[in-house]
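# Show me how the following folds:
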Amino acid sequence: MAAHKREADTAFIEELGLCRGRVRVDVAVVNGSLHGYEIKSDRDSLRRLAGQVDLYGQVLDRAALVVGRRHVEEALGLLPAWWEVQVVDGDSESVRVKQVRRGRKNPTRSARALVELLWLDDAMAMLEARGGARGYRGSPRRIVWDRVCALYSVDEIAQAVRVQLKARSARQETPPSA
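Coordinates of the predicted model:
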C-alpha cells in the first residue's frame, strides 16, 4: 500500500463493502486495479476467511492478506494461489512487513458482483453509452445491472467501477466550500 501513497490517481477506501454488503475489505487501493487488503492480527481468528476469499474473488483484481506470525501457515493453506500474503513482525517500537507470497491477478472475477458496486445512475449511464437504456429507465437496479452485464465485458465493468470508486472517494475527501 505504501508504494501507492504518492500516486495522484490512487484512492484508498477503508471498509469497502462488496457483494451488496455481505463482506467488507479492510482497505481497498483503487488505481489501475482494485486491490483489497484483509488484515488479521494474531488476536484475530481466520474463521471467516474462507467466505471472505470467495466473495473477494468475485470482485477484486488482486488481494492481499496481512497477518501476524501466528496465522501464516494456516492462511497459506486457505488462500488461492493468486492471493498475496504478508506477515507483520515486531512490537510497538518497530514493525516490519515482509512478503511471504507474491500475489497474481485474480482469474475469476464476476461481472455481476462487480456491477453491483455501481450506483444506479452510473449503471444507467453505461447503458446510455451503448444505446441500451431504452426500456430500462425506471427499472429496478437488479434489472439494470443484468443489462449492463449483457452489454459489457467483465474488464469494461471493472474499469467503470474503478473510475466511480475513485470519483466517490475524491468527493468525500473534498472539504466543503466556505
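
# where are the low-confidence patches of the protein?
In the prediction, the chain carries residues with pLDDT under 70 at positions 1-8, 173-178.

# run the last query once more with 90
In the predicted model of the chain, residues 1-9, 42, 89-95, 169-178 satisfy pLDDT under 90.

# Where do the domain boundaries of it fall?
Following automatic domain parsing, one finds the domains of the chain at 2-101, 111-173.

# Could you export those to TSV, including columns for mean neighbour count?
From N, CA and C alone the C-beta is placed, and that goes for glycine too. Output for these, formatted as TSV (neighbours: other C-beta atoms under 10 Å):
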stretch	mean neighbour count
domain 2-101	16
domain 111-173	16
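
# what about the helices in this protein?
With DSSP state H, the ranges of helices along the chain come out as 49-59, 72-78, 111-115, 120-129, 141-151, 154-173.

# Distance to residue 95 added to those, as a markdown table?
Converted to a markdown table, the helices of the chain look like this (distance: least, C-beta to C-beta, whole Å):
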| stretch | distance to residue 95 |
| --- | --- |
| helix 49-59 | 22 |
| helix 72-78 | 16 |
| helix 111-115 | 33 |
| helix 120-129 | 38 |
| helix 141-151 | 41 |
| helix 154-173 | 26 |
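
# Can you say which of these is nearest to residue 20?
helix 111-115 (8.8 Å; C-beta to C-beta).

# Output the closest one as PDB, nothing but the C-alphas.
What follows is helix 111-115, C-alpha atoms only, in PDB (Å, rounded to 0.1, in the frame of the first residue of the first chain):
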ATOM      1  CA  ALA A 111     -19.300  -9.200 -13.900                       C
ATOM      2  CA  ARG A 112     -22.400  -9.300 -11.800                       C
ATOM      3  CA  ALA A 113     -20.600  -8.900  -8.500                       C
ATOM      4  CA  LEU A 114     -18.600  -6.000 -10.000                       C
ATOM      5  CA  VAL A 115     -21.600  -4.200 -11.400                       C
END
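
# can you list contacts of it?
18-19, 55, 58-59, 123, 145-146, 148-149, 152-154, 157-158, 161 (C-beta atoms under 8 Å, 6 or more residues apart in numbering).

# switch the cut-off to 6 Å
19, 58-59, 145, 148-149, 154, 157-158, 161 (C-beta atoms under 6 Å, 6 or more residues apart in numbering).

# Next: stretch 131-142.
Contacts of stretch 131-142 (C-beta under 6 Å, 6+ apart): 120, 127, 144, 147, 151.
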